[in-house]
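Asker: Fold the following and give me the result.
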Amino acid sequence: MSKTTVERRTSPRKTRTFEVHGRADAGELARMTARDLSLGGLYCTSSADFAEMTRLAVTLMLPDGEAHPLDLQAVVVRRKEVHGAATGRPLFELALFFHGLTDAQRIRLASFLDS
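Answerer: Numbering: from 1, shown residues only. A predicted model of the protein is given here:
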């Protein structure tokens, strides 16, 4: 018997590695590495742990030639602890959902994804 996987994503994704910064409610700034991005959110690796449903202020350092980063709001929808191969310290794989995108943010993100 074969298992069928249902795709739940509503936006196409782009696999590209770039730097992301995240902060939860005046907390410490966390550096993250994005690996998978769409208009709906991103999948990243973080040295800081954030519980599911944590709201984050996220800054995307998009390699799109723009001089300024893209600041967005996101919510952690999944997290998984993994071990960092280089350091042995825990890392966290986070799935973030973007919410409250302005038209300008959506346009810039869509332009990057289409490039």
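Asker: max-length strand in this protein?
Answerer: strand 70-83 (DSSP state E).
Asker: Run through who's touching that one.
Answerer: Residues outside strand 70-83 that contact it (Cβ atoms under 8 Å, 6 or more residues apart in numbering): 22, 41-42, 45, 49-60, 62, 89-101, 105, 108-109. Where you see a C-beta, it was placed from the backbone N, CA and C, and this is true even at glycine.
Asker: Mind checking which of these are buried?
Answerer: Taking 16 or more other Cβ atoms under 10 Å as the criterion, what is buried in the contacts of strand 70-83 is 22, 41-42, 45, 50, 54, 56-60, 62, 91-92, 94-96, 98, 101, 105, 108-109.
Asker: Which members of those residues occur in strands, if any?
Answerer: Filtering these for strands - DSSP E - leaves 22, 41-42, 45, 56-60, 91-92, 94-96, 98.
Asker: quick one: low-confidence parts of the protein?
Answerer: The model of the chain has pLDDT under 70 over residues 1-14, 84-87.
Asker: go again using 90 as the cut-off
Answerer: For the chain, residues meeting the criterion pLDDT under 90 lie at 1-19, 25-29, 31, 35, 47, 61-68, 82-91, 111-115.
Asker: Spatially central residue in it, please.
Answerer: For the chain, the residue nearest the mean C-alpha position is Leu42 (3.2 Å; Cα atoms, centre = their mean).
Asker: Show me which positions of whichever strand or helix holds Met32 end up buried.
Answerer: Assessed by DSSP states H and E, Met32 sits inside strand 30-37. For strand 30-37, a neighbour-count test (16+ other Cβ under 10 Å) marks 30, 32, 34-35, 37 as buried.
Asker: hmm, who's touching that strand?
Answerer: 13-23, 42-48, 50, 60, 94, 109, 112-113.
Asker: Give me the buried entries from those.
Answerer: Buried residues within these, defined by neighbour count using 16+ other Cβ under 10 Å: 13-14, 18, 20-22, 42-46, 48, 50, 60, 94, 109, 112-113.
Asker: who's the nearest residue to Pro63 once chain neighbours are set aside bridged to?
Answerer: Closest residue to Pro63 apart from its sequence neighbours, by Cβ to Cβ, 6 or more residues apart in numbering: Phe18 at 5.3 Å. Per DSSP bridges, the residues bridged to Phe18 are Ala34.
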